[in-house]
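Trainee: have a look at this fold, sequence not included:
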């Protein structure tokens, strides 16, 4: 699904769209085309109109797939909307480099607005020490396990990587698949590499390349991370033929109780909705790796969307009011309720809105996380992403040596700098 | 293009011919010919599809020349062509002979069934075969186990050693019917008297097949071989759905590689180079093979 | 090959049942069953519930449930995708038939010297893989404002299907006796009059044949729609299907029902127009 998104955006880059005329306060968003998205934005804008009848909005909605180009075109033509939806990382970074974004630091400092966000989420919309957008939602990768299956076999949730490997050996010994993995589209295995790299080396390794840091490197830990993945594959802890199976096929093994664990994003909750009886979804953090230099509480989690204000906006005070309203706990809780996604505003992901599993992750794992490290594959340049994907597939099936994969990835990242 | 005095047809007919051909000419010129010329031109640029293209001279071609993935992909296209000649063309001729000469009472029904995969979209076929190949609940592994060949079970599409052969097998199943159809028509056109004469001499099916049918339908063999080669070089959808060229390029063909370069790495210039080079190589290859087959007419049929 | 539009009803040899017949029949039957098995399996699996399917992938359904079809139809935008496919199919087919009829007629009836060159160019165009033109077409369509529109798929799709279709039409027109045209010319009928009043009225079956095969090709096409169309609301069935399959992770019968819905249109066409389709595939040069 994520790969599809990347491809769709690629084609969207090729599209052209004309910017709309600005009203009192022009507001562009990408919450169109899907029921849960339109429900959310309608709720938020209705409430805003009631709370601030004096601020008139000129709203331009677009579908996610076409939005990126639409905004790019408007920014390039020097006619940006006042307030708009944006993606974090390189997409936002280009606007910042062009001096087109209004820095929110002063406003964030007032009335505890900045403190209402997860600090690590704000970090993903920060560039050169300044915050240029208010983050909205966040996807995290965690270990999912079949709680019923664990209880039946008396398995314990592992705390360390060694325990994880030992557990895998035990599960394999009982004739089950330790880890479901369907790596045909290559992104599912990226979580394994990134988490190992985060534990061994620390968060922000790929971000350093993207920020054109001259000292950026994944080495020497990358080779170790690849080697550990190759080892897991070689020991047969993943399903047979995992490199040719889709994520859905892997899910079938997991939901059917043939596989015990699965490292995947928070969208797994939605994917598990239809599971057969006897399946019980639960999660645990990626375990600590002994001797790793990274903060062992870090979570692989990426801000999916954010709101920003254009430097050119005439009425910045009203624009900030809109932003504050959109990221207020009430609106964000509604967001969680409608979309079943974690948000970056602290305590807005309530148990009632999120459901117990997502709430557990949001309230436990995310709160105690030292850093949130955004998904490597979407953060790096598309060209490097391909190198990342293919070397990972190669390492997993034993056709590429871990150190060669590490070098190939490093070179691709350097070439993109 | 104006008519010359050497034209056989009168002026009015020439003008009519030009007018009748005009719409086709315009569409093909704009949407087939021009893009190919343009692909050649884009080959000299580095371009991400959004910003301004940068002229890089022959860099793309130099990169292509040393791009092992491209050459391996092209090699796979050729391997598909080679297997298609055996698993599609030759097998289809054999089936056509059987349908016409040995079991004609079922030929119409069987031909219908053989044509079903030809009619259905390759996307549907690919998605279905993913089920057959699934290592855990797929029928391929289940059948092997049932036959006592459990040790041969594997993750067909996920193993770099078997992914490509697995795709080739699906291709054979998918396109075979078309060639069966073409050969059934050709085999039916072989005069009955030839077989009757052979039978008087006591010829069996083996002899009849190789010494009568094959030479008599040689034109169809040649045309179908060419068709199979062209089809093999065009292949995209099945590979895309089954493996998307993976794992780690193990089943990559030129089309999937171009698609990735252009629409997931955003290297539009390089993607154009891949396509352009592929086309030139295809044209040269097709020409040589066509010539060879023309000369080999009536020669050994393998 | 093109001139041998053999009918499938042509008589074969007299059959004698021998051991060879039995063996060949058995082998071919087994092979045919293998070829169509995936479709049969898809068909019966759609009547299973997801739980049944999860328990055993290959077993026959114990009850007949139409839930999968209801789920497939209501769970995604298959209806929208099907309508998009229908529009693109209609547009591209109509355009191809008209253009190919005109050109096929010219190729069959008129013989100026350069016609050989035209024929050769058309054959060359047939051999060109569509993906070679992919990147330039994206640029061309974007500049024309046709990217992400149905017309933007229709025009290149038609252009790539036209050469084959021309040869199918030509194969028909060459079977018409030349005396027909010569007599009309002597009567003073112009070239366009001859086409309209003599050739066209009898060309309908051939045009229909070209239309049917084009409908199948366009309906099944994947490369152009997947690259040129981006908005979910404009996607075609095969492209939408790959999205659908990705979104409906857990319910396999629903997924299979969606695949079957996408596969059914060409199969229905084939069942009803088997003769036209086979003669089209035989009559002209053939597409892969």
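Mentor: Looks like it came in fine. Fair warning: this is a prediction, and the values are worked out from it, not measured in the lab.

Trainee: and the longest helix along chain C with chain B, contact?
Mentor: The longest helix of chain C (DSSP state H) is helix C:78-109. Yes. Judged by Cβ under 8 Å from any Cβ of the partner chain, helix C:78-109 comes into contact with chain B at C:95, C:98-100, C:102-103, C:105-107, C:109. Backbone N, C-alpha and C define where each C-beta goes, glycine included.

Trainee: so what does that helix touch, helix or strand wise?
Mentor: helix B:11-28, helix C:115-127, helix C:150-173, helix C:200-220, helix C:237-247, helix C:252-272 (3 or more Cβ pairs under 8 Å, 6 or more residues apart in numbering or on different chains; DSSP states H and E).

Trainee: quick one: mean pLDDT for the last one?
Mentor: It refers to helix C:252-272. In this model, helix C:252-272 carries a mean pLDDT of 87.

Trainee: for whichever helix or strand comes after it, buried residues please.
Mentor: Sequence order places helix C:274-283 as the next helix or strand after helix C:252-272, per DSSP states H and E. Residues of helix C:274-283 classed as buried by neighbour count (16 or more other Cβ atoms under 10 Å in any protein chain shown): C:274, C:276-283.

Trainee: hmm, stretch B:180-187 touching chain C?
Mentor: Yes. Stretch B:180-187 reaches chain C (Cβ under 8 Å from any Cβ) through B:181-182, B:184-186.

Trainee: most neighbours among the residues you listed, please name it.
Mentor: Neighbours here are counted as other Cβ atoms under 10 Å in any protein chain shown. On that basis the top member of the residues of stretch B:180-187 next to chain C is residue B:184, with 29 neighbours.

Trainee: which element is it on?
Mentor: Judged by DSSP H and E, residue B:184 forms part of helix B:163-188.

Trainee: list just the nearest of the residues of stretch B:180-187 next to chain C to residue A:301.
Mentor: For the residues of stretch B:180-187 next to chain C, the residue nearest residue A:301 by Cβ to Cβ is residue B:181; the value is 55.6 Å.

Trainee: which SSE is the spatially closest residue to residue B:226 that is not a sequence neighbour in?
Mentor: The shortest distance from residue B:226 to any non-neighbouring residue, by Cβ to Cβ, 6 or more residues apart in numbering or on different chains, is to residue B:290 (6.0 Å). Secondary structure from DSSP H and E places residue B:290 in helix B:268-295.

Trainee: mean confidence score for that helix?
Mentor: pLDDT averaged over helix B:268-295 gives 83.

Trainee: quick one on the thing from earlier: filter the residues of helix C:78-109 next to chain B to the buried ones?
Mentor: Looks like the residues of helix C:78-109 next to chain B have C:95, C:99-100, C:102-103, C:105-107, C:109 buried, using 16+ other Cβ under 10 Å.

Trainee: so residue B:163 makes contact with residue B:247?
Mentor: Yes. Counting by Cβ atoms under 8 Å, residue B:163 touches residue B:247, with 6.4 Å between them.

Trainee: longest single helix anywhere in chain A?
Mentor: helix A:35-51.

Trainee: helix or strand right after that one?
Mentor: Downstream of helix A:35-51 (by DSSP H and E), the next one is strand A:57-63.

Trainee: so where's the stretch 1-150 of chain C shaky on pLDDT?
Mentor: Scanning the stretch 1-150 of chain C for pLDDT under 70 picks out the ranges C:1-16.
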